[in-house]
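1. structure, please.
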Amino acid sequence: MKRKLFCELSPTTYKISVEKEKLKRKIKNKIDKGILANTYQKEELPNIVKSHTSIVLRKLHNVDMQLQINKKTNLEIASKKINGLIIKPGEIFSFWYIVGETTKKYGYKEGLVISKKGLTKDTGGGLCQLANMIHYLVLNSPLEVIELHHHSDALFPDDRRRVPFGTGTSVFYNYLDYRFKNNTDQNIQLLLWVDNDILYGELRSEKEFPNRYKLEEVNHHFRKENNKYYRISQVYKITIDKKTNKEINNELILDNHSEVMYDYSLIPESEIKND
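-> Residues are numbered from 1 along each chain as shown. Just a heads-up that it's a prediction; the model follows:
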């Protein structure tokens, strides 16, 4: 029998473990304070590196729509904390360092969250969508991702998905963070806002970069393994020289093998492959 971890012994030991991780992150933030981005600028930097939009109110299978409505409020509050942030050369963006605690005190509402126990609800839920937006913008740039926590399961069927599956990130205050480093020679700016049930995001820079980027998902299918279905695919980040329009790099950034956690009847039959 596998020995349980301390955090798995009881709800109390789990809470103790969580508080320990939060304290460790606070100490790390104090150490990193000099390199964590915390400068804002109202004036928008001139060059758009990448822009994207994401639908806020989605009808998810077996999920109370009120949680999606509450998520919109949470996204509005958190996006305002980030909007206009400047990340200088050598600086690090930290999602939780900028957003801070997501409690009722700051106006956050109960939204959908993902935990080890599956889907549940908690105050401030739904901010993964904001972190996903930032990560997608960063993937379409030369910036360096230095902390990322992938969703390990396929939680919902696609609903008007426009980005490759699996390119999201989990965030949980404050120790499951999302961080990237500005490893370029110029300032970078994040613009994020919610309008008419749409989340908007822009990554801006002072001048154009020599390359452009695109994400490509290949070999996407579902496969049954030991009476469970898994979602399979590979995602590549392709770098293209703007002057020559030639591909100069093709990097595998994600090899998906995610257990399907929703009703198997919702899997399109045409996308199931049997080995």
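2. ranges for the strands of the stretch 101-250 of the chain?
-> Counting by DSSP state E, counting those that start in this stretch, the stretch 101-250 of the chain has strands at residues 110-115, 118-123, 144-147, 153-154, 179-181, 188-195, 198-205, 211-225, 228-241, 247-260.
3. with distance to residue 50, mean neighbour count and mean pLDDT added, can I get those strands in TSV?
-> Every residue, glycine included, has its C-beta placed from N, CA and C. Formatted as TSV, these follow (distance: least, CB to CB, whole Å; neighbours: other CB atoms under 10 Å; pLDDT from 0 to 100):
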stretch	distance to residue 50	mean neighbour count	mean pLDDT
strand 110-115	26	18	81
strand 118-123	30	14	81
strand 144-147	14	14	96
strand 153-154	25	19	76
strand 179-181	13	21	97
strand 188-195	11	20	98
strand 198-205	5	20	98
strand 211-225	8	15	94
strand 228-241	12	17	95
strand 247-260	15	14	94
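4. can you say which of these is nearest to residue 88?
-> Nearest to residue 88, of all these, is strand 188-195, at 8.0 Å by CB to CB.
5. mind listing residues that contact the helix or strand bottoming out on mean pLDDT in the chain?
-> Counting by mean pLDDT, DSSP states H and E, the chain has its least confident helix or strand at strand 153-154, which shows a mean of 76. Strand 153-154 has contacts (CB atoms under 8 Å, 6 or more residues apart in numbering) with 165, 230-231, 258-262.
6. 7 Å instead?
-> Strand 153-154 is contacted by residues 231, 258-261 when judged by CB atoms under 7 Å, 6 or more residues apart in numbering.
7. just stretch 126-137 next, same as before
-> Counting by CB under 7 Å, 6+ apart, 50, 52, 54, 71, 74-75, 78-79, 95, 102, 111-112, 163, 167-171, 178, 190, 192, 199, 201, 203 sit against stretch 126-137.
8. buried set for it?
-> Going by neighbour count (16 or more other CB atoms under 10 Å), the buried part of stretch 126-137 is 126-137.
9. likewise stretch 73-93?
-> Those would be 73-75, 77-79, 81-87, 91-93, for stretch 73-93 by 16+ other CB under 10 Å.
10. same check on stretch 21-30?
-> By 16+ other CB under 10 Å, the buried positions in stretch 21-30 come out as 22, 25, 28.
11. make CSV out of these and add pLDDT, secondary structure and distance to residue 218.
-> What follows is those, written out as CSV (pLDDT from 0 to 100; DSSP: H, G, I helix; E, B strand; the rest coil; distance: CB to CB, whole Å):
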residue, pLDDT, secondary structure, distance to residue 218
22, 83, helix, 39
25, 88, helix, 36
28, 84, helix, 37
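12. okay if I get the residues you listed as JSON lines plus distance to residue 146?
-> What follows is these, written out as JSON lines (distance: CB to CB, whole Å):
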{"residue": "22", "distance to residue 146": "20"}
{"residue": "25", "distance to residue 146": "14"}
{"residue": "28", "distance to residue 146": "12"}
